[in-house]
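Chemist: sequence and predicted structure are below.
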Amino acid sequence: MTEVIAAIVAAVIAAGATYAIIQALARLRRKDAESEAQRILAQANQDAANQLKSAELEIKEKAIQQKAETEKELSKLRDVLRERERMLDKREEMLTQQADALQKQERIVESTQRRLTEKLENSTRQNEELGKVLEMHRQTLHKISGLSREDATQRLLGALNDELAQETGQIILRHERQVAERCEALSREMLLTALHRYAAAHTAESTTSTVDIPSDDMKGRIIGREGRNIRAFEKRTGVDVIIDDTPGVVIVSGFDPVRREIARQSLEKLIVDGRIHPSRIEEIVGDTEKEIEKFIRRKGEEAAQEVNVHNLHERLVYMLGRLHFRTSYSQNVLRHSVEVAFLAGMMAEMIGLNGDLARRCGLLHDIGKAADHELEGGHPKIGADLLKRHGEQKDVVHAALGHHDEIITEYPYTMLVATGDTCSASRPGARRESLERYIKRMEELEAIATGFPGVEQAFAIQAGRELRVLVSAKEADDIRAARICRDIAKAFEERLTYPGEIKVTVVRESRFTEIAH
C-alpha cells in the first residue's frame, strides 16, 4: 500500500514537473514569435522606407530630365525666333533701300521732265521771235533795195557762197569738233541713264573656307585614328583640311570653289552628325555633291530667266551656275554677269541694236571663269571656245573673246559688253579690296621681274593680269630677252597663287645710229 501511494505521489510530482516544463516552453515560444514578428515588422518598415526613397529619387530624375528637355526645346525656339527676327530686319532694310532708290529715280524723272518742258517752251518762244524778226527784216530789205524777193534771195545766196567758199575749212573743223563733243556728251548721258535705270544694290562678297566646330575635341575626331578620317576626307573631296592651334575653327583649302563648297558643307554635316569615319564620309560627300549639282543648275536657270535669255545649252546653264561660287576682287561673278547683261541690253536698245542679243552677250561674257582653273589660257579665250563649241553665234563668241582686248571694234555688241563690264566693275561698292593688298600684289609682281639680270624696269598693269618688262639693249639680245620672259612666267607659276593667267611681255629697244660726213 505504501509503495502504491509512493508511486502515485511520484507520478503526481512527475506530472507537475512536466506541466511546469511545458508552460516554460510555451512562454519561450511566445517570446521567440514576438521577437520574430518585431523583426519582420522592422524589416518591412525599412523596405518600405527604401522603396519610398527610390521612388522619390526616380521622380526627381524624371523631373530633372523633363526640365532639361523643356529648356532644350525652348532654346531651339529662341534660336528660330532670333533667326526669323534677323531675316525680318534684313528684309526691312532691303525694302528701305529699294524705296530710297525708287524715290531717287522718281526725283530724277521729275527733274528731267521739268527741264524738257522748259526747253520746249524756250524753243517755241525763240522760234516765234525769230519769225517776227525775219519778217521785219524782209519788209525792210524790200523797202530799201526795191528788189523782189527772188532777186534779193539770189544776190544774198551769191554773197553767202563767196563768203562760205573762203570759210569752208574752218566751218568743217568747227563742226567736226562740235560733233565729237556732242557724241561724247550723248555717250556719257547714255551710260548714266543705263546705270540709273539699273540701280542695283551691291554687296561685296568674299568666299570663306573656314568651318566652325563646337569644341577642340572635335579636331581629334576629324583627324581620326592615325589620320585615317582626314585622309579619307581629303581624298574624296580633293581639298586640303588645315587643322592648327586656332580655337573653334577648321580651315578648308582648295583652288576649285565648287569643290571647296562641297567640302565645307560636307564637313559641317559630319560635325553635326557626329559619326565621322571613312564610310560615313563617303556617304555624306556623295549626297552633298548631288545637292550642289542641283543648286548650280538652279542658279544658272535663275540667272538666265532674270535677264530673259532663252534656249541656252544645258552645259552653258551649268557653267553659269558655277559662277555663283566664283568671285573677282570679292565681287560675285554671276551677279556681275547679270548686271553686265542688263547694262548692255539697255544701251543696245538706246542706239537701235538688238537688246536681247546684247543681254545674251553680257550674260555669257565671263563664262570662261567657271573653268579657267581647269584649262590653260585666260578666261576670254576659254569662254569663247566654250560658247563656240555649244553653238552660240559669232557676236556672243566675240563678246566673250574681246571684252578685255583691243579687238572690240569688229562687233558692236563686243564694245557694249566691254562698256557694261567696265561700269559694273568700277561702280562704287561692287568690288572690295584693300589698297594695301592691291599695292602689295603689284609690288610683288614687279619685284620678281626686276630680280632677273638684264631687267631695267617692270610695270604691272590691268590689275595684275599683265606685266610689261623693259630689258637693257646692251645686256640682253633678242634670244636672252625671250629666255627672260619665259623665266619670269615660270617664277610666277612657282611663287604665286592666282586665278586665270598673267601675261608677261618683254620689250627690248633696238637703236641704230649712223653719222653723215
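Modeler: Nice, I can see it.
Chemist: give me the below-cutoff pLDDT ranges for the stretch 251-400 of the chain.
Modeler: Along the stretch 251-400 of the chain, the model assigns pLDDT under 70 to residues 329-330, 372-377.
Chemist: now the helices for it?
Modeler: 257-273, 278-306, 314-322, 333-350, 355-364, 379-389, 394-402 (DSSP state H, counting those that start in this stretch).
Chemist: ok, now the stretch 101-250 of the chain?
Modeler: With DSSP H, counting those that start in this stretch as the criterion, the stretch 101-250 of the chain has helices spanning 149-197, 217-223, 228-237.
Chemist: lowest-confidence stretch among those?
Modeler: Mean pLDDT per stretch puts helix 149-197 lowest among these, at a mean of 66.
Chemist: and the most centrally placed residue in the chain, bridged to which residues?
Modeler: Closest residue to the average C-alpha location of the chain: residue 332 at 4.2 Å, with Cα atoms, centre = their mean. When bridges are called by DSSP bridges, residue 332 pairs up with residue 327.
Chemist: that one against residue 324, yeah?
Modeler: Yes: between residue 332 and residue 324 a contact is recorded at 6.9 Å, counting by Cβ atoms under 8 Å. In this view, the C-beta of every residue, glycine as well, is placed from N, C-alpha and C.
Chemist: shared neighbours of those two, anything?
Modeler: When Cβ atoms under 8 Å, 6 or more residues apart in numbering defines a contact, no residue borders residue 332 and residue 324 alike.
Chemist: ok, now how distant is residue 332 from residue 338?
Modeler: 9 Å (Cβ to Cβ, to the nearest Å).
Chemist: repeat for residue 230
Modeler: 38 Å.
Chemist: and these two? which has more neighbours close in?
Modeler: The neighbour count for residue 230 versus residue 338, taken as other Cβ atoms under 10 Å, is higher for residue 338 (25 against 18).
Chemist: list the contacts of the more buried one.
Modeler: 303, 306-307, 363.
Chemist: among those, who's most crowded?
Modeler: residue 363 (30 neighbours).
Chemist: just give the closest residue to it, not the sequence neighbours.
Modeler: residue 341 (4.0 Å; Cβ to Cβ, 6 or more residues apart in numbering).
Chemist: list the contacts of the one you found.
Modeler: 307, 309, 358-363, 420.
Chemist: out of these, who's nearest residue 118?
Modeler: residue 420 (32.3 Å; Cβ to Cβ).
Chemist: what's the burial count for that closest one?
Modeler: 33.
Chemist: picking up where we left off before, got CSV for the contacts of residue 338, with distance to residue 82 too?
Modeler: Below are the contacts of residue 338 laid out as CSV (distance: Cβ to Cβ, whole Å):
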residue, distance to residue 82
303, 32
306, 31
307, 36
363, 38
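Chemist: pull the most distant pair out of these.
Modeler: Most distant of the contacts of residue 338, by Cβ to Cβ, are 306 and 363, 9.0 Å apart.
Chemist: list the buried residues in stretch 351-371.
Modeler: 353, 355, 357-371 (16 or more other Cβ atoms under 10 Å).
Chemist: hang on, residue 448 packs against residue 493?
Modeler: No: using Cβ under 8 Å, residue 448 is not in contact with residue 493; the gap is 11.0 Å.
Chemist: looking at the two, which is more packed in?
Modeler: When neighbours are counted by other Cβ under 10 Å, residue 448 and residue 493 differ, and residue 448 comes out ahead with 18 against 12.
Chemist: excluding chain neighbours, what is closest to the more buried one?
Modeler: residue 491 is the one closest to residue 448 (Cβ to Cβ, 6+ apart), at 5.3 Å.
Chemist: among the helices of the stretch 251-400 of the chain, which is nearest residue 128?
Modeler: Closest among the helices of the stretch 251-400 of the chain, using Cβ to Cβ: helix 333-350, at 32.4 Å.
Chemist: okay, angle between that closest one and helix 278-306 too, please.
Modeler: 10 degrees (axes from the mean of the first three to the mean of the last three Cα atoms, to 10 degrees).
Chemist: so how far is the one helix or strand residue 53 maps to off the chain centroid?
Modeler: Per DSSP states H and E: residue 53 is located in helix 2-145. Remark: helix 2-145 is offset 36 Å from the chain centroid, using Cα atoms, centre = their mean, to the nearest Å.
Chemist: go on, stretch 439-459?
Modeler: 32 Å.
Chemist: can you point out the buried residues in it?
Modeler: Within stretch 439-459, the residues scored as buried using 16+ other Cβ under 10 Å are 441-442, 445-446, 448-449, 452, 454-455, 458.
Chemist: send me it as PDB with only the CA atoms.
Modeler: Extracted in PDB, the C-alpha atoms of stretch 439-459 (Å, rounded to 0.1, in the frame of the first residue of the first chain):
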ATOM      1  CA  ILE A 439      49.800  97.500-103.800                       C
ATOM      2  CA  LYS A 440      51.500  94.500-102.300                       C
ATOM      3  CA  ARG A 441      50.400  92.300-105.200                       C
ATOM      4  CA  MET A 442      51.600  94.800-107.800                       C
ATOM      5  CA  GLU A 443      55.000  95.300-106.000                       C
ATOM      6  CA  GLU A 444      55.400  91.500-105.700                       C
ATOM      7  CA  LEU A 445      55.000  91.100-109.400                       C
ATOM      8  CA  GLU A 446      57.400  93.900-110.200                       C
ATOM      9  CA  ALA A 447      59.900  92.700-107.600                       C
ATOM     10  CA  ILE A 448      60.100  89.200-109.000                       C
ATOM     11  CA  ALA A 449      60.600  90.500-112.600                       C
ATOM     12  CA  THR A 450      63.300  93.100-111.600                       C
ATOM     13  CA  GLY A 451      65.200  90.400-109.800                       C
ATOM     14  CA  PHE A 452      66.400  88.900-113.100                       C
ATOM     15  CA  PRO A 453      69.700  90.100-114.600                       C
ATOM     16  CA  GLY A 454      69.300  92.500-117.500                       C
ATOM     17  CA  VAL A 455      65.800  93.800-116.500                       C
ATOM     18  CA  GLU A 456      65.800  97.600-116.100                       C
ATOM     19  CA  GLN A 457      62.100  98.200-115.300                       C
ATOM     20  CA  ALA A 458      58.900  96.300-114.800                       C
ATOM     21  CA  PHE A 459      55.300  97.600-114.700                       C
END
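Chemist: contacts for that stretch, please.
Modeler: 460, 464, 467-472, 475-476, 480-481, 484, 487-488, 491-492, 495-496, 502, 504.
Chemist: again, 6 Å this time
Modeler: Applying Cβ atoms under 6 Å, 6 or more residues apart in numbering, the external contacts of stretch 439-459 come out as 460, 464, 467-472, 475-476, 484, 488, 491.
Chemist: need the max-distance pair from those residues.
Modeler: Pairwise distances among those were taken by Cβ to Cβ; the largest, 26.6 Å, belongs to 464 and 475.
Chemist: name the residues of stretch 228-239 that come out as buried.
Modeler: Result for stretch 228-239 [16+ other Cβ under 10 Å]: buried residues 229-230, 232-234, 236-237, 239.
Chemist: just name the closest of these to residue 223, please.
Modeler: Taking the buried residues of stretch 228-239 together and measuring to residue 223 by Cβ to Cβ, the closest member is residue 230, at 4.9 Å.
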